[in-house]
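Peer 1: Have a look at this prediction, sequence included:
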Amino acid sequence: MSEQQVTPYNNQESKKGQVTTMFDKIAPYYDFLNRLLSAGIDTIWRKKAIAKIDSDVSEVLDIATGTADLAFEIVKQHPKTKVTGVDVSNEMLEVGRKKVIKRNKSESITLDLGDSENLQYDTNHFDAITAAFGVRNFENLEKGLAEMYRVLKPGGQMVILEFSRPKFFPFKQLYNTYFKYVLPVIGKITSKDPRAYQYLYESVQKFPDYENFDMILKKIGLKNTSWDSLSLGICTIYTGRK
């Protein structure tokens, strides 16, 4: 395994397999921990990301949809839109499916088990493709992004929300201390998985954020790419068109 590839667990399984195992383990606690560890700011990040999408989209694919939080935000802002969410973790999807039924959104949101790096959907199919905190977990980042590009319609939008590393003193130092030491302890106690939130910190440190990720989006073929940093650099919205 590449030295540069950060994985949740120190074993011989592929990164994809380890990520699937990790999310299956923490699925029952995932939504609660998201709200707790971000003090609810993650909901604001999702709203800002989806506000970037064209008003006339009819079909959206949500990559690494997890428990479908971003899918719900899409149909909230675009009520006539059909959203397909795909994820490798069936346990996360099961949590999402229960939420879909509870919120009476079965006609708007469909959740599929699948591999984001080998999508089951037709080429040039979706008006927009979204991903929130998911592309960082790809085993092969460029392959996954290229698959997202393939199923996107010409002229369609890609909107990706991902963690990034704050740059400014002293917030950078304070944030890193929280992210590296405090967050994993809370995650370990709550989710019963000692590695999951330590992996979160490590994977963010290795992720090619800001201009570097923008360059990768250009490389796979996206045009009119841009990025917007949120909350002093904790996360960033990346956009582009096919």
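Peer 2: Received it, and whenever you're ready, just let me know what you need.
Peer 1: Could I get the buried residue list for stretch 193-201?
Peer 2: For stretch 193-201, burial by neighbour count (16 or more other C-beta atoms under 10 Å) applies to 193, 195-201. In short, each C-beta sits where N, CA and C put it, glycine included.
Peer 1: And stretch 155-171, by the same measure?
Peer 2: For stretch 155-171, the buried set under the neighbour-count rule, 16+ other C-beta under 10 Å, comprises 156-166.
Peer 1: Stretch 139-152 too?
Peer 2: Using 16+ other C-beta under 10 Å as the burial criterion, the residues of stretch 139-152 that qualify are 139, 141, 144-145, 147-152.
Peer 1: For W227, name its beta-bridge partners.
Peer 2: Following DSSP bridges, W227 is listed with bridge partners Y238.
Peer 1: and it, how many neighbours?
Peer 2: By the criterion of other C-beta atoms under 10 Å, W227 has 18 neighbours.
Peer 1: and it, what does it touch?
Peer 2: 210-211, 213-214, 236-239 (C-beta atoms under 8 Å, 6 or more residues apart in numbering).
Peer 1: Recalculate using a threshold of 7 Å.
Peer 2: 210, 214, 236-238 (C-beta atoms under 7 Å, 6 or more residues apart in numbering).
Peer 1: Please determine how far it is located from G187.
Peer 2: 27 Å (C-beta to C-beta, to the nearest Å).
Peer 1: so can I have TSV of the buried residues of stretch 155-171 showing pLDDT?
Peer 2: Putting the buried residues of stretch 155-171 into TSV (pLDDT from 0 to 100) gives the following:
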residue	pLDDT
G156	98
Q157	98
M158	98
V159	98
I160	98
L161	98
E162	97
F163	94
S164	95
R165	94
P166	93
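Peer 1: Closest one to A68 out of these, please.
Peer 2: Using C-beta to C-beta, the shortest approach to A68 within those belongs to L161, at 14.5 Å.
Peer 1: for the record, mean pLDDT for the helix ranked longest in the chain?
Peer 2: Within the chain, and with DSSP state H defining each element, the longest helix by residue count is helix 15-38. Mean pLDDT, taken over the full extent of helix 15-38, equals 90.
Peer 1: what does that helix contact?
Peer 2: Contact with helix 15-38 is made by 5, 7-9, 11, 42, 66-67, 88-89, 91-92, 95, 137, 139, 183, 186-187, 190-191, 193, 196, 199, as judged by C-beta under 7 Å, 6+ apart.
Peer 1: After that helix, which helix or strand is next? Please name it.
Peer 2: Beyond helix 15-38 in the direction of the C-terminus, DSSP states H and E gives the next helix or strand as helix 41-50.
Peer 1: Buried residues of that next one, list them for me.
Peer 2: Along helix 41-50, these residues count as buried under the neighbour rule (16+ other C-beta under 10 Å): 42, 45-46, 49-50.
Peer 1: go on, stretch 113-122?
Peer 2: By neighbour count, and taking 16+ other C-beta under 10 Å as the criterion, the buried residues in stretch 113-122 are 114-117, 119, 121.
Peer 1: Please apply the same query to stretch 170-181.
Peer 2: By neighbour count with 16+ other C-beta under 10 Å, stretch 170-181 contains the buried residues 175, 179-180.
Peer 1: Would you pull up how far it lies from the middle of the chain?
Peer 2: For stretch 170-181, the distance from its own C-alpha centre to the chain's C-alpha centre is 22 Å (C-alpha atoms, centre = their mean, to the nearest Å).
Peer 1: which residue ranges form the strands in the protein?
Peer 2: 59-63, 82-87, 109-113, 126-132, 152-163, 223-230, 235-241 (DSSP state E).
Peer 1: Let me have those in a markdown table, extended by distance to Q18.
Peer 2: Listed next are the strands of the chain as a markdown table, based on distance: least, C-beta to C-beta, whole Å:
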| stretch | distance to Q18 |
| --- | --- |
| strand 59-63 | 19 |
| strand 82-87 | 15 |
| strand 109-113 | 17 |
| strand 126-132 | 19 |
| strand 152-163 | 18 |
| strand 223-230 | 28 |
| strand 235-241 | 23 |
